[in-house]
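Novice: When you get a sec, could you give me coordinates for this:
(one chain, ligands or ions: 1)
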Amino acid sequence: MSLVIRGARVVVGDGTVLPRADVHMKDDRIVTVGAHTPVSSDTVIEAFGRVLMPGFIDAHTHALWAGNRLDEYEQVQRGVAYLDILEAGGGILATVRAVRDMSEARLAENLRRRLSVMLEGGTTTVEVKSGYGLTTEHELKMLRAIRRAAQEFAGTVIPTALLGHTLEAGRPGLVDEVIDETLPAVHAEFPGIAVDAFCEKGAWSLADCRRLFEKARSLGHVIRVHTDQFTRLGGLDLALELGAMSVDHLEASTLDDLKKLAHSRTFGVMLPATGFHTDRRYANGRAFLDAGGKLALASNCNPGSAPTSSIPFVVALAIRHLGITNQEAIQAVTSSAAELLGLTDRGRVAEGYRADLVVLRHSDERQLGYEFGGNPVDVVVAGGKVVA
Ligand code: NIG
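Specialist: You can find the predicted model right below:
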């Protein structure tokens, strides 16, 4: 099975651009990228100068959920704070109740539908977290539903076990249960999966995150941390001490925090759709990149703080609110996001890389962040096949 896309403006994903080139794919790989050479191929697509770039890699989502939080959003619009809604038993906990009530098969179907919207929007690799179960039974149910939906997805799903998402009234033993029971059960069925926690007032304390992460690390899991979203509890320092893959959010981080992070090997993940939807607070992407940080941008797709899975919209927000350029944003949703997820075979349009590509309707890649509100993706190729 071979495919050629001819006459494209190729945005490689690493900051370079080939003004006019053909991309030849065979099976799930890119075979050549370069000047026009007549090759025989099963399928030929003429790009007519449109932008061809790597498929988007969304490295932070909570895309598996049940129910909705529409009533709660009316409270948000009246100025009620996200953490106050959580403290009153809503927010993440409302979604926990809905997820517990839904079967694994229906959850998988929900996710499948969202994944197909993502694919239409150019996302070919997506990380999906658990975290709305809070018990061993329901966290495993979520991870199995993610695995099930992934099997029917033309792109790639990377699951994450978000075991420390929040606490629950009436369950004083929740943290011990997660560490002593849920983590070993997840380890047995999903060895090596990344383990995540939300280090925040009203969610997991620094001390409890440390206990969870130390045990997860001893079992061979990599670590990701939701930290500094509202409150600096020290999650960033803990992440650096433990060599986490990423710290995610960073809206409340100081310049010194961002510099410290930038001088480490840990990625910073910024999620501008969250500030757009909730409280207009954004992480300082400019300061982080200027200090040499490794940045990924992601949708944070979830029913509470970021009900979107559009990476083009995230790019548009990032160039307006994080102070970064269109080119920096493109890298943060392609090659850098791939590196964060440990996927060395994708995120660039180059020979030998996985044939996950998009063709935009634009002929200038700056249009990606300039426009917003529509879908700029004309063609999606995943694993060498045209899928949208
Ligand atoms: O990254 N902050 C914690 N978790 C998500 C929100 C999840 C939800 O509100 O359902 C986030 O913003």
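
Novice: Let me know how buried the closest residue to the ligand within the stretch 251-388 of the chain is, in neighbour terms.
Specialist: Distance from the ligand to each residue of the stretch 251-388 of the chain (C-beta to the nearest ligand atom) is smallest for Gly304, at 2.4 Å. Every residue, glycine included, has its C-beta placed from N, CA and C. Neighbours of Gly304 under the rule other C-beta atoms under 10 Å: 24.

Novice: distance of Arg100 from the ligand?
Specialist: 14 Å (C-beta to the nearest ligand atom, to the nearest Å).

Novice: hmm, back to that, surely the residue of the stretch 251-388 of the chain closest to the ligand is in a helix?
Specialist: No. Under DSSP: H, G, I helix; E, B strand; the rest coil, Gly304 sits outside any helix and is assigned coil.

Novice: I'd say it and Arg69 touch.
Specialist: Yes. With contact defined as C-beta atoms under 8 Å, Gly304 reaches Arg69; the gap is 5.3 Å.

Novice: between the two, what contacts are shared?
Specialist: Common neighbours of Gly304 and Arg69, counting by C-beta atoms under 8 Å, 6 or more residues apart in numbering, are Gly91, Thr95.

Novice: Can you name the residues that contact the residue of the stretch 251-388 of the chain closest to the ligand?
Specialist: Arg69, Glu72, Tyr82, Gly91, Ile92, Thr95.

Novice: Which ones, among the residues you listed, also lie beside the ligand?
Specialist: Among those, the ones lying near the ligand by C-beta under 6 Å from any ligand atom are Gly91, Ile92, Thr95.

Novice: For the last one, give its distance to Pro307.
Specialist: Distance, Thr95 to Pro307, using C-beta to C-beta, to the nearest Å: 12 Å.

Novice: Of those two, which one has the most company?
Specialist: A direct count of neighbours by other C-beta under 10 Å for Thr95 and Pro307 places Thr95 higher, at 24 against 17.

Novice: Who are the packing partners of the worst-scoring helix or strand of the chain on mean pLDDT?
Specialist: Across the helices and strands of the chain, mean confidence by mean pLDDT, DSSP states H and E is lowest for helix 70-77: a mean of 92. Packed against helix 70-77, as judged by 3 or more C-beta pairs under 8 Å, 6 or more residues apart in numbering; DSSP states H and E, are the following elements: helix 82-87.

Novice: Quick one: mean pLDDT over the helix it packs on.
Specialist: Across helix 82-87, the average pLDDT comes to 95.

Novice: residues making contact with that helix?
Specialist: The contact list for helix 82-87 (C-beta under 8 Å, 6+ apart) reads 72, 75-76, 91-93, 166, 200-203, 230, 278-279, 304-305.

Novice: Mind doing that once more with 10 Å?
Specialist: For helix 82-87, the external contacting residues (C-beta atoms under 10 Å, 6 or more residues apart in numbering) are 69, 72-73, 75-76, 81, 90-94, 166-167, 169, 198, 200-203, 229-231, 274, 277-279, 304-305.

Novice: Going by neighbour count, which of these are buried?
Specialist: Those of the contacts of helix 82-87 that meet the buried threshold are 69, 72-73, 75-76, 90-94, 166-167, 198, 200, 202-203, 229-230, 274, 277-278, 304-305, by 16 or more other C-beta atoms under 10 Å.

Novice: that older thread, hmm, which two among the contacts of Gly304 are most spread apart?
Specialist: Farthest pair in those (C-beta to C-beta) is Tyr82 and Thr95. Separation: 12.9 Å.

Novice: Now do the domain split for this protein, please.
Specialist: Domain segmentation of the chain under automatic domain parsing yields 2-55+348-386, 56-340.
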